[in-house]
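Peer 1: Need the 3D shape of this:
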Amino acid sequence: MKAKSIKGKSTEEIKAALAESTADGFTPTLAICFISKSLDRTAISDLLDTSGISVFGSTTNGEFVDETPEKASAAILLLDMKKEHFQIYFEEYPDKNYREVAKNIAQKAKEKFETPAFLIGISNAAADGEEILHGFEDVAGTAVNVFGGGAGDDYVFADTFVFTNKKDSRNAIVCMALDESKVKIKGIATCGWKPVGTEKTVTKSEGNHVYTVDNLPVLDLTAKYGGIENVMPENKSLLLEIAANFPLQLQREKGDPVMRPGLVVDWNDRSYYTSGAVPQGSKVRFSLPPDFDVMEKVVKGVENLKATEMPEADALVVFSCAGRILSLGPLMSEELEGIKKVWNVPMAGMFSNSELGRATGGNLEMHNLTTCTIALKEK
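Peer 2: Numbering: from 1, shown residues only. Next up, the predicted model:
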């Protein structure tokens, strides 16, 4: 399989880049598209559709080709994968029946491919990504390869979209199913945020709503350990500071901890909603603000993936949490460059609202502040 990555800040620039990429006879069948809401994604999708290219698309909080983070742009990975080796599915979930929708997609893919793997994008920040992952597991087993991310909207955190040929929705899943007997796919979700302090117990929670930790309001405990001042509704930067620098780390019996940053505060009782479930009685630790080790851990994890499971790749897809670039700033390009150098093949990615995949030695879960790197190789 041959791959090429293109980018642009308008439909015209993408049209020109597509023409240039195909001038040598390259005939892509598939486009993985990460496009800012500020661009006309429908026009870009139609452009690809007219060329006979299947589209897997998501809006973003930023996008990148290779190691260069961009804003208000389109980053597209073009692949000439054989059409019989993949299938695009697109389903809405208006009734919040996330698991059922994912099961339906997995069943269709299972009928087409004996061993399917999945790349997914989900819109609507309230969508339960873990329920979606469980739906794929229900049909394809707990060892199934599923990777993806939550769509973004340029940090507005209001309205996200996924799309494919002639379809676009703020409340849906776009899924690329792969025939794993023909296309090898491996990935890793790595965070790198270091824990601080002792384990603490979640003493009251419901789903992703955390009320108290060690019998204290979770917001007050977070502010205390993070040295955060002006903990009040008027502080508009409070949530970004908590989410990007002082997230909870949910401890696991198996595999690495899972990040659970606070995203929405309930000021009535100083509780907050996190990015995923935090069971009552579970153990958590707080995190230190990130440093160089955060990037090193991600790159080393990808290097280990190559050494142990994926010696060669045709292309890379990366979902990196929007919180990482908020925390790391210009240093983010160093992490992306480190990932790119591992296989040195075309790469495209986005800064996402959430990341879906398997942490080292762990289960399929929804992550935050994490980089999910996926390598593809057509056999």
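Peer 1: List the buried residues of stretch 184-200.
Peer 2: For stretch 184-200, the neighbour count (16 or more other Cβ atoms under 10 Å) marks 184-193, 200 as buried. Every C-beta, even on glycine, is put in place using the N, C-alpha and C of the backbone.
Peer 1: and that stretch, C-alpha only, in CSV?
Peer 2: C-alpha atoms of stretch 184-200 as CSV (Å, rounded to 0.1, in the frame of the first residue of the first chain):
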residue,chain,number,x,y,z
LYS,A,184,-2.2,-5.3,9.7
ILE,A,185,-3.1,-2.6,12.2
LYS,A,186,-1.4,-2.0,15.6
GLY,A,187,-1.6,0.9,18.0
ILE,A,188,-0.7,2.1,21.4
ALA,A,189,-2.3,4.7,23.7
THR,A,190,0.3,6.4,25.9
CYS,A,191,0.0,9.3,28.3
GLY,A,192,3.1,10.0,30.3
TRP,A,193,1.6,12.3,32.9
LYS,A,194,3.4,11.4,36.2
PRO,A,195,1.4,10.7,39.3
VAL,A,196,2.0,12.6,42.6
GLY,A,197,1.0,11.8,46.2
THR,A,198,-0.6,8.7,47.6
GLU,A,199,-3.5,6.7,46.3
LYS,A,200,-6.9,8.2,47.3
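Peer 1: May I ask which of the buried residues of stretch 184-200 comes out lowest in pLDDT?
Peer 2: Ranked by pLDDT, these bottom out at Gly192 (76).
Peer 1: Go ahead and confirm that one touches Val299.
Peer 2: No. Look at Gly192 against Val299 with Cβ atoms under 8 Å: they stay out of range, at 9.4 Å.
Peer 1: Any regions of the stretch 201-350 of the chain where pLDDT drops low?
Peer 2: Residue ranges of the stretch 201-350 of the chain with pLDDT under 70: 289.
Peer 1: which residues in it form helices?
Peer 2: With helices called from DSSP state H, counting those that start in this stretch, the stretch 201-350 of the chain shows them at 218-226, 238-245, 292-308, 322-328, 332-343.
Peer 1: Pick the most buried one from those helices.
Peer 2: Highest mean neighbour count among those (mean count of other Cβ atoms under 10 Å): helix 322-328, with a mean of 23.
Peer 1: which helices and strands does it pack with?
Peer 2: Under the contact definition 3 or more Cβ pairs under 8 Å, 6 or more residues apart in numbering; DSSP states H and E, helix 322-328 sits against helix 238-245, helix 292-308, helix 332-343, strand 347-352.
Peer 1: Can you lay out those as JSON lines showing distance to Glu378?
Peer 2: Formatted as JSON lines, the helices and strands packed on helix 322-328 follow (distance: least, Cβ to Cβ, whole Å):
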{"stretch": "helix 238-245", "distance to Glu378": "37"}
{"stretch": "helix 292-308", "distance to Glu378": "17"}
{"stretch": "helix 332-343", "distance to Glu378": "14"}
{"stretch": "strand 347-352", "distance to Glu378": "16"}
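Peer 1: So Trp259 sits against Ala244, correct?
Peer 2: Quick fix: residue 259 is Met, not Trp. No. Using Cβ under 8 Å, Met259 is not in contact with Ala244, being 10.7 Å away.
Peer 1: Overlap of the contact sets of these two?
Peer 2: Leu369 (Cβ atoms under 8 Å, 6 or more residues apart in numbering).
Peer 1: domain assignment for the protein?
Peer 2: Following automatic domain parsing, the chain resolves into domains at 3-190+293-378, 195-287.
Peer 1: what's the most buried one of these?
Peer 2: Counting by mean count of other Cβ under 10 Å, domain 3-190+293-378 has the highest mean neighbour count of these, with a mean of 20.
Peer 1: Distance across it, terminal residue to terminal residue?
Peer 2: Distance between the two ends of domain 3-190+293-378: 11 Å, counting by Cα to Cα, to the nearest Å.
Peer 1: Quick check: which element contains Val101?
Peer 2: helix 98-112 (DSSP states H and E).
Peer 1: next SSE after that helix?
Peer 2: Heading C-terminal from helix 98-112, the first helix or strand you meet, by DSSP H and E, is strand 116-122.
Peer 1: Parallel or antiparallel, list what pairs with that next one.
Peer 2: Strand 116-122 has the following sheet partners, assigned by DSSP bridges: strand 146-150 (parallel), strand 172-179 (antiparallel).
Peer 1: Rounded mean pLDDT for the first one, please.
Peer 2: Per-region confidence: strand 146-150 scores 96 on mean pLDDT.
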